[in-house]
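Q: Could you work out the structure for the sequence below:
(chains A and B, ligands or ions: 4)
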Amino acid sequence: MIRKNYRLGFLVLMVFAFLALNAQQRFPKPEFESGYEQPNTTTPEPRTAGMEVFDVIVLFGVMALATWLILKKRSRRGVLWLSVFTLLYFGFYRNGCICPIGSIQNVTLALFDPGYKISITVLLFFLLPLVFALFYGRTFCAAACPLGAIQDLVVIRPISVSSWVRKTLSFIPHIYIGLAILFAATGTDFIICRYDPFVGIFRTDGPYLMIGLGIAFLVLGMFFARPYCRVFCPYSVLLGFMSHFSKKHITITPSECINCKLCANSCPFDAIEAPIDEKVRTESTVRKNLRNYVIFGLLVPVWIFAGGFAVSKAHVFLSKAHPDVYLSELLIAQPELREDTENLDIQAFLESGKSMDQLVEEASVIRSKFRTGGWYLGGYLGLVLGIMLMNQFVLRKRKDYIPHKRDCFSCGRCMDYCPVGEQSGDRKSGIVKAKQ
Amino acid sequence: MARDKEYNRREFINRGARFTLGLSLAGVGVAAAVNAGSEKYLWQIDPFKCTQCGRCATDCVLSPSAVKCVHAYDICGYCDLCGGYFKPGVTDLDTGAEKQLCPAAAIERKFIEEPYFEYIIDEELCIGCAKCVKGCSAFGNGSLHLQIRHDICVNCNECSIARVCPSDAISRVPASEPYMIKGDFTANESGEAGA
Ligand code: SF4
Ligand code: SF4
Ligand code: SF4
Ligand code: SF4
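A: Ligands and ions are numbered 1, 2, ... in the order given. Down below sits the predicted model:
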């Protein structure tokens, strides 16, 4: 019985398929007499999937090599050549895509949209640099990131930026990654890829705006070193978390810091922190700091709530980035646009046979996702702000010049400035390396 | 001694944080891996959803666009008066440039035998504007249609045409079936969108 039904269904389906095909075929295919042979429609092959696996292997190799060069070999020159390779391979040959920065969105989409199947290679692109950062610091940024490489190679005359400016700017990547996740999770847009300033240069093709933006970043980067990395890169948030608690991390000196101050200004990114003078750390300042620390700590829930409230309020505005929401709002506000034959989106919607109610329903689902997401995003930003404010009052004991583990790109420039030699067994001797 | 104590405490916190971060990383990895496949994905146009809006020519990150017109000869009528080749209303059927619909003169018209003509797309010239596709769908069999050519396409993480396509015709397809050529691929196969 079931079988019969199945057959019947199949028959009906076949008839429909036939009709659908025939509806297209207004003019029957001719019977040729001249022995004409019909050409085949070509389907040029894409880059083979095996190459993707190869890319992951290259990424792993480059990071392993960079880590070795930085932690064992201590060779800035090696890192430099490795970044040239990265720029050529991941940048110009692979057109800078897919990169770990953009893969944040693929991973997000895979977590939120059951219909989206992320490919294993993309997942590995996302995970590998973070795992490396967790163990060895941001060696990915040092030599395996094509965006980092292109900026690192144009650093000519870096200027030093005051710490409060840096700290304020360092809030932007948190906003960026938050928005990127919100937009990817709601299926709205991949903003990291859309506003990637260098991908146009890597492809040597693209909209003028994109190329122009890339060139502007490079020019700025001659003086303000690695502007994208420091002010925008959303992946830097994750790398920073990992690197902050990394097991090993680049050290400026191979053995013991002798406080010669030679490295103090060597970092183009102002990532080297000076020792804290014991005199500054008096009883009373420590006590005052502790009090402020606790007060600001108690304020953190306030920031979280305020942030969540503010951003969730902005969901009406943010959700307009989604084409369905935009279209439904437009049609409600200006129904006369239905007559506008120039408006492709509206015409395509009218042709699609979808009803207005359906569209409004879909739009409201998306909008409510934005409202929920807004609470999370705002809460997160409030938390980050709260912790940043608390950290103002941390005065850790620090005797040496050391790189800030979160901000340091492990580029290795500072190592060349340290005069202390490798094999100092006893601490005070400080065998001085002859500078070439 | 005091210093060692502080050092130990810091190291303890670090280790704890590292462990937590590692664990969350593993968590995200596993959660995403549940939804992962070994297959690579590419972007492609469903010709039965495409409404020939013209954005394929203008919104690809490449110029000219990676979208080209392809010809499914199998369903072509080899008409003398081709709706994809001639501008509407043309009566003298010759290859005068002013009579051609294609702004890039990318279609070659070749005589086969009375009264049939073959139409061949020169992909080097085609800009993917869909004018011919519109003509062919309106007046002919619909054998001309747009496809993303994978030898040109750089497979953007998010296709910038997909974002602006008013008909949602562009989606990710598994790399093992990278094309939706009309004839081999029919509207019913896609499960939705009748032709
Ligand atoms: S900060 Fe971002 S852009 Fe810069 S090197 Fe690191 S991952 Fe690349
Ligand atoms: S290794 Fe880190 S601290 Fe040293 S110069 Fe590079 S970014 Fe600065
Ligand atoms: S009309 Fe447009 S899509 Fe058709 S062949 Fe010419 S350029 Fe290509
Ligand atoms: S994926 Fe990129 S290159 Fe390919 S068609 Fe879309 S926009 Fe063009």
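Q: Need the phi and psi values for residue A:272.
A: phi -90, psi 130 (degrees, to the nearest 10).
Q: Tell me who's in contact with it.
A: A:252, A:263-264, A:266, A:401-404, A:414 (C-beta atoms under 8 Å, 6 or more residues apart in numbering or on different chains). Heads up, the C-betas are built off the backbone N, CA and C, glycines and all.
Q: could you measure it against residue A:253, distance?
A: Residue A:272 sits 11 Å away from residue A:253, going by C-beta to C-beta, to the nearest Å.
Q: shared neighbours of these two, anything?
A: Common neighbours of residue A:272 and residue A:253, counting by C-beta under 8 Å, 6+ apart, are residue A:263.
Q: wait, what's in contact with whichever residue of the stretch 151-300 of chain A sits closest to ligand 3?
A: Nearest residue of the stretch 151-300 of chain A to ligand 3, counting by C-beta to the nearest ligand atom: residue A:205, 18.3 Å away. Neighbouring residues of residue A:205 by C-beta under 8 Å, 6+ apart: B:61-63.
Q: Secondary structure class of it, three-state.
A: Here residue A:205 is recorded as coil under DSSP: H, G, I helix; E, B strand; the rest coil.
Q: any idea of the pLDDT on it?
A: pLDDT for residue A:205: 86.
Q: got it, and residue A:327?
A: So residue A:327 comes in at 92 (pLDDT).
Q: Give me the contacts around the helix or strand where it lies.
A: Mapping residue A:327 onto the secondary structure by DSSP states H and E places it in helix A:323-333. Applying C-beta under 8 Å, 6+ apart, the external contacts of helix A:323-333 come out as A:319-320, A:337-338, A:345-346, A:349, A:356, A:359-360, A:362-363, A:366-367, B:163.
Q: which of the residues you listed are buried?
A: Among those, those scoring as buried are A:319, A:345-346, A:349, A:359-360, A:362-363, A:366-367, B:163 (criterion: 16 or more other C-beta atoms under 10 Å in any protein chain shown).
Q: one step back: so how do I select the buried members of the contacts of residue A:272 in ChimeraX?
A: In ChimeraX, a selection of the buried entries from the contacts of residue A:272 looks like this (16+ other C-beta under 10 Å):
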select /A:252,263,401,402,403,404,414
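Q: wait, which of the contacts of residue A:272 is closest to ligand 1?
A: Lowest distance from ligand 1 to the contacts of residue A:272 (C-beta to the nearest ligand atom) belongs to residue A:404, with 13.6 Å.
Q: Touching, the closest one and residue A:274? I think so.
A: No. Using C-beta atoms under 8 Å, residue A:404 is not in contact with residue A:274; the gap is 10.9 Å.
Q: Doesn't residue B:111 lie inside a strand?
A: Yes. Under three-state DSSP, residue B:111 falls within a strand.
Q: SS state for the residue nearest to it when sequence neighbours are not counted?
A: Using C-beta to C-beta, 6 or more residues apart in numbering or on different chains and skipping residues adjacent in sequence, the residue nearest residue B:111 is residue B:117, 5.8 Å away. Residue B:117 falls in the strand class when you classify it by three-state DSSP.
Q: one step back: quick one: the residue of the stretch 151-300 of chain A closest to ligand 3 and ligand 1, what's the gap?
A: 21 Å (C-beta to the nearest ligand atom, to the nearest Å).
Q: can you confirm residue A:308 is in a strand?
A: No. Read with three-state DSSP, residue A:308 is helix and lies in no strand.
Q: Could you report the neighbour count for residue 150?
A: Picked chain A for this. Residue A:150 has 25 neighbouring residues, counting by other C-beta atoms under 10 Å in any protein chain shown.
Q: The intended chain is chain B.
A: 20.
Q: and the nearest residue to it once chain neighbours are set aside, how many neighbours?
A: If the residues on either side of it in the chain are set aside, residue B:150 comes closest to residue A:46, at 3.6 Å by C-beta to C-beta, 6+ apart. By the criterion of other C-beta under 10 Å, residue A:46 has 18 neighbours.
Q: No further questions, thank you.
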